[in-house]
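Asker: here are the coordinates; sequence isn't available:
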Ligand code: GLN
């Protein structure tokens, strides 16, 4: 019997794949870069491929050099010593690491709170492992507000409290947040922490965009809040940090009580993560500070963000200025859709954001991701007011996209 439902439906990334779009369409959809990782990182990858041991299975926890690099990089950030033999687990991308946490910890019917919109992968990862998602909205700013930032997307803490039932096991937190770009404030995180403690919940803190925070905003690591280390697993990603999304190298950091069972699950799913690229990720973390790499990255990304912001401003469009990540939400509620447009089957039955995205790709020549995919079905009507652009592209490509976006008028 084939499983049915949202979790096995065609994913948005496959619908808005470059292969399904006009050849000259500029792809600001799926978040991946059109520039290479830094050379000093790819050099380390090449070197690893010439090293016999780095071509073979790594320890299921991850290669020693990478775990050591993660320890050294994160100890100051998490303000605590980290034991690479029990508190760090290298995963085959952040997705797989999170999946393994769910496999290890969710029992049938356990509820998992996720803030909506949520990174789409959380939903199937939770349901495949027997969990039940519980959606708590990030409330969008009022439509009348002309200038909005990701900080205007807010949590109603009474609503969050009411969503916690005795079956609740875990909260998934994502800061900086995909797709809103929200960098949760310390006050918001303290509110979440208080509830996690009161109801004895685990917290999965997906912080894969940790290195992309703009305008001097502070990225607060959930695990650094008082008493939160014991119940938190922090998720990181080499793909996001080093422009290498296809490498599938991520990591989990947390107490042995969480990392131990997750290691057991992960060992049975993938056994270990690809070895040579772990060496390269290690080189990245080892050298980043001396090369001033992340500060340079943030400045580059701020410039990229500005190109899209200027394009939206010059067209008088409403958008959410992101404080973090490389995503920006455009409010499309004022746009009309053309009558009788020939949509493919994958788009025809979907929300107006899917249709808008399809028409924009065909007629304007820029693609983006419909945001209803980041909502459960019942709340899709909120998501379909928005479409998400990824600005992790080189400046030339973004300038070209900005010119094409004038076609939206
Ligand atoms: N995290 C990336 C994004 O949101 C890619 C996700 C994916 O391909 N599953 O665009």
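Answerer: Looks like it came in fine. Predicted, not measured: the structure shown is a model, and the values here were computed from it.

Asker: how deep is the residue nearest to residue 200 when sequence neighbours are not counted tucked in, by neighbour count?
Answerer: Nearest non-adjacent residue to residue 200, counting by C-beta to C-beta, 6 or more residues apart in numbering: residue 231, 7.8 Å away. All C-beta spots, glycine's among them, are computed from the backbone N, C-alpha and C. For residue 231, the tally of surrounding residues (other C-beta atoms under 10 Å) stands at 21.

Asker: got a list of what residue 231 touches?
Answerer: For residue 231, the contacting residues are 196, 197, 200, 201, 202, 203, by C-beta atoms under 8 Å, 6 or more residues apart in numbering.

Asker: could you redo the last one with a cut-off of 7 Å?
Answerer: Residues near residue 231 by C-beta atoms under 7 Å, 6 or more residues apart in numbering: 196, 201, 202, 203.

Asker: repeat that for residue 41.
Answerer: Listed by C-beta under 7 Å, 6+ apart, the contact set of residue 41 reads 242, 280, 283, 284.

Asker: list the contacts of the third one.
Answerer: The neighbours of residue 283, taking C-beta under 7 Å, 6+ apart as the test, are 40, 41, 44.

Asker: ok, back up a step: what's the most distant pair in the contacts of residue 41?
Answerer: Pairwise distances across those peak at 9.3 Å for 242 and 283 (criterion: C-beta to C-beta).

Asker: what helices or strands is the strand or helix carrying residue 309 leaning on?
Answerer: Following DSSP states H and E, one finds residue 309 within helix 293-314. Where contact means 3 or more C-beta pairs under 7 Å, 6 or more residues apart in numbering; DSSP states H and E, helix 293-314 is packed against strand 327-331, helix 395-405.

Asker: the ligand: which of those is closest?
Answerer: Closest approach to the ligand among the helices and strands packed on helix 293-314 is made by strand 327-331 (7.2 Å; C-beta to the nearest ligand atom).

Asker: skip the chain neighbours and tell me the closest residue to the residue of the stretch 1-150 of the chain found nearest the ligand.
Answerer: Per C-beta to the nearest ligand atom, residue 31 is where the stretch 1-150 of the chain lies closest to the ligand, at 3.0 Å. Spatially, and ignoring its direct neighbours in sequence, residue 31 is nearest to residue 390 (4.3 Å; C-beta to C-beta, 6+ apart).

Asker: beta partners of that neighbour?
Answerer: When bridges are taken as DSSP bridges, the partners of residue 390 come out as residue 327.

Asker: what sits against the closest residue to the ligand within the stretch 151-300 of the chain?
Answerer: Taking C-beta to the nearest ligand atom as the measure, the stretch 151-300 of the chain has residue 178 as its residue closest to the ligand, at 5.2 Å. By C-beta under 7 Å, 6+ apart, the residues touching residue 178 are 119, 209, 325, 327.

Asker: next: residue 275.
Answerer: Taking C-beta under 7 Å, 6+ apart as the test, what residue 275 contacts is 54, 55, 56, 57, 58, 63.

Asker: can you turn the buried part of the residues you listed into a PyMOL selection?
Answerer: Restricted to buried positions by 16 or more other C-beta atoms under 10 Å, the PyMOL selection for the contacts of residue 275 reads:
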select buried, resi 54+58+63
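
Asker: restricted to strands, list the contacts of residue 275.
Answerer: Assigned to strands by DSSP state E, none of these qualify.

Asker: identify the farthest-apart pair in the contacts of residue 275.
Answerer: 55 and 63 (11.6 Å).

Asker: does the residue nearest in space to the middle of the chain sit in a helix or strand, and which one?
Answerer: Centroid check for the chain by C-alpha atoms, centre = their mean gives residue 178 as the closest residue, at 4.7 Å. Per DSSP H and E, residue 178 falls between elements, in no helix or strand.

Asker: helix, strand or coil: sort out the closest residue to it other than its chain neighbours for me.
Answerer: Nearest non-adjacent residue to residue 178, counting by C-beta to C-beta, 6+ apart: residue 119, 4.9 Å away. Classification of residue 119 using DSSP: H, G, I helix; E, B strand; the rest coil returns coil.

Asker: can you get me a residue count around residue 250?
Answerer: Residue 250 has 26 nearby residues by other C-beta under 10 Å.

Asker: could you do residue 385 as well?
Answerer: Residue 385 has 21 neighbours, counted by other C-beta under 10 Å.

Asker: and for the one 3 residues further on?
Answerer: Residue crowding around residue 388 was assessed by other C-beta under 10 Å; the count is 30.
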